[in-house]
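Visitor: Can you look at this prediction? I've put the sequence above it.
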Amino acid sequence: MTTGHPAIETLTGLGLNRLEAAVYVHLLANPPMTAYRIARGIGAATANVYKAVESLANRGAVLVEDGANRLCRAVPAREFLRQIETGFLERGREAERALAAIERKIDDERWYKLDSVPAMLERARSMLAGCRSVAVVDAFPALLAALVPEIERAAERGVAVHVQAYAPVEIAGVAAAVPSMAARSLALWDGEQLNLAVDGRECIVALTEKDLSRVKQGIWSNSRYLSCIVLAGVKAEHTIHRMRAALGQKDESRCLKKILLEHGFFTGGGVPGQRELRTRKAGRSK
């Protein structure tokens, strides 16, 4: 009975083999017992169950009585899963240090296809974490929600973050602009959109399924030209939507003037990627 429990598939995904998972699940659902009783309960060879119990004990999933009977009991699931999580994070940090020693920084400015939503979001978070000057985020609700913590951290560092949202949202340190046609845009695309550019150096342009199960179309690039174009376009839309929201206000003229003054883009020299493009142009003209 235990060998068919759905939790077994989950545990095998966490690194246990099927017999170890079956033993652990059986012990969770029953009082402490010997390996022999476990073997009878799950219909497995006793010798193999003894090995599975030993492996589980070494993993911290099972406690074995210090006595003649050698009764086995399962460590509570929450405690065991926290052990797995902690171990995974530690191994991840070790791998990061080892890989950092051999990783080569590449700046090829090609366009690369994005196929995985989790990978796309992780790339977006990394871009925001590395942003030093200005970022624009044009995102539908689900994708925006996944990026809010990193957006807030960027704003806290002093990055000028301009967010175009499609539903009211609270983001610390950021005034999000919501287009008047937001509902129409959401219905038109029938998916989740993300247009992101940081420092005029990197950009993501992507459309996913509504449930975030798949990237319909998506690219990432560190092309300075493309990133500056995406940055300029989203920033211009952001400004237009802010101006539309200001129309009809009591101090409309002052608000519009303030928004336009805040729009400064290339002329202010605050976009690193744009400065790098100018430097290249100057170098070629010599």
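Guide: That came in fine, so what should we check first?

Visitor: which sections of the stretch 1-150 of the chain are below the confidence cut-off?
Guide: For the stretch 1-150 of the chain, the stretches with pLDDT under 70 are 1-4.

Visitor: what packs against the helix or strand containing residue 245?
Guide: Using DSSP states H and E, residue 245 falls within helix 224-246. For helix 224-246, the contact count by 3 or more C-beta pairs under 8 Å, 6 or more residues apart in numbering; DSSP states H and E identifies strand 134-139, strand 160-164, strand 192-198, strand 202-208, helix 252-262, helix 272-285 as packing neighbours. C-betas here are computed from N, CA, C, even on glycine.

Visitor: Tell me which strands the first one pairs with, and in which orientation.
Guide: Strand 134-139 has the following strand partners under DSSP bridges: strand 160-164 (parallel), strand 192-198 (antiparallel).

Visitor: now the shortest one against helix 252-262, angle please.
Guide: If I follow you right, that is strand 160-164. Interaxial angle, strand 160-164 versus helix 252-262 (axes from the mean of the first three to the mean of the last three C-alpha atoms, to 10 degrees): 120 degrees.

Visitor: got the CA positions of strand 160-164 in CSV?
Guide: Output of strand 160-164 as CSV, limited to C-alpha atoms (Å, rounded to 0.1, in the frame of the first residue of the first chain):
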residue,chain,number,x,y,z
ALA,A,160,15.7,55.1,-10.6
VAL,A,161,13.1,52.3,-11.2
HIS,A,162,10.2,53.1,-13.5
VAL,A,163,7.4,50.5,-13.4
GLN,A,164,4.5,50.2,-15.8
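
Visitor: Next, the angle helix 224-246 makes with it.
Guide: Using the same axes, to 10 degrees: strand 160-164 against helix 224-246 is 70 degrees.

Visitor: what's in contact with strand 160-164?
Guide: With C-beta atoms under 8 Å, 6 or more residues apart in numbering as the test, strand 160-164 has contacts from 133-139, 144, 151, 154-155, 169, 171, 173-179, 234-235, 237-238, 241, 270.

Visitor: Which PyMOL command selects the buried ones in these?
Guide: Those of the contacts of strand 160-164 that count as buried under 16 or more other C-beta atoms under 10 Å are selected in PyMOL with:
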select buried, resi 133+134+135+136+137+138+139+144+151+154+155+169+171+174+176+177+178+179+234+235+237+238+241
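
Visitor: most distant residue from the middle of this structure?
Guide: Counting by C-alpha atoms, centre = their mean, the extreme residue of the chain relative to its mean C-alpha position is residue 68, 50.1 Å from that point.

Visitor: ok but it is inside a strand, no?
Guide: No. Counting by DSSP: H, G, I helix; E, B strand; the rest coil, residue 68 is located in no strand; its state is coil.

Visitor: ok, now how distant is it from residue 55?
Guide: 22 Å (C-beta to C-beta, to the nearest Å).

Visitor: Any chance of the backbone angles for residue 11?
Guide: phi -70, psi -40 (degrees, to the nearest 10).

Visitor: wait, doesn't it sit right on residue 25?
Guide: Yes. In this structure, residue 11 is within contact of residue 25 by C-beta atoms under 8 Å, at 7.2 Å.

Visitor: quick one: buried residues of stretch 62-70?
Guide: Using 16+ other C-beta under 10 Å as the test for burial, stretch 62-70 gives 62, 64.

Visitor: May I have the phi/psi pair for residue 62?
Guide: phi -130, psi 140.

Visitor: One more: the one 5 residues further on?
Guide: Backbone dihedrals for residue 67, given as degrees, to the nearest 10, come out at phi -170, psi -180.

Visitor: my read: residue 200 touches residue 229, true?
Guide: No. If you go by C-beta under 8 Å, residue 200 and residue 229 don't touch, sitting 9.1 Å apart.

Visitor: Settle it for me: which of these two has more neighbours?
Guide: residue 200 (29 against 14; other C-beta atoms under 10 Å).

Visitor: Got the confidence number for the residue nearest to the more buried one when sequence neighbours are not counted?
Guide: Closest residue to residue 200 apart from its sequence neighbours, by C-beta to C-beta, 6 or more residues apart in numbering: residue 273 at 2.6 Å. Per-residue confidence (pLDDT) for residue 273: 84.

Visitor: pretty sure residue 273 contacts residue 228?
Guide: Yes. Using C-beta under 8 Å, residue 273 is in contact with residue 228, at 5.3 Å.

Visitor: got any residues that touch both of the two?
Guide: With contacts taken as C-beta under 8 Å, 6+ apart, residue 273 and residue 228 have residue 200 as neighbours in common.
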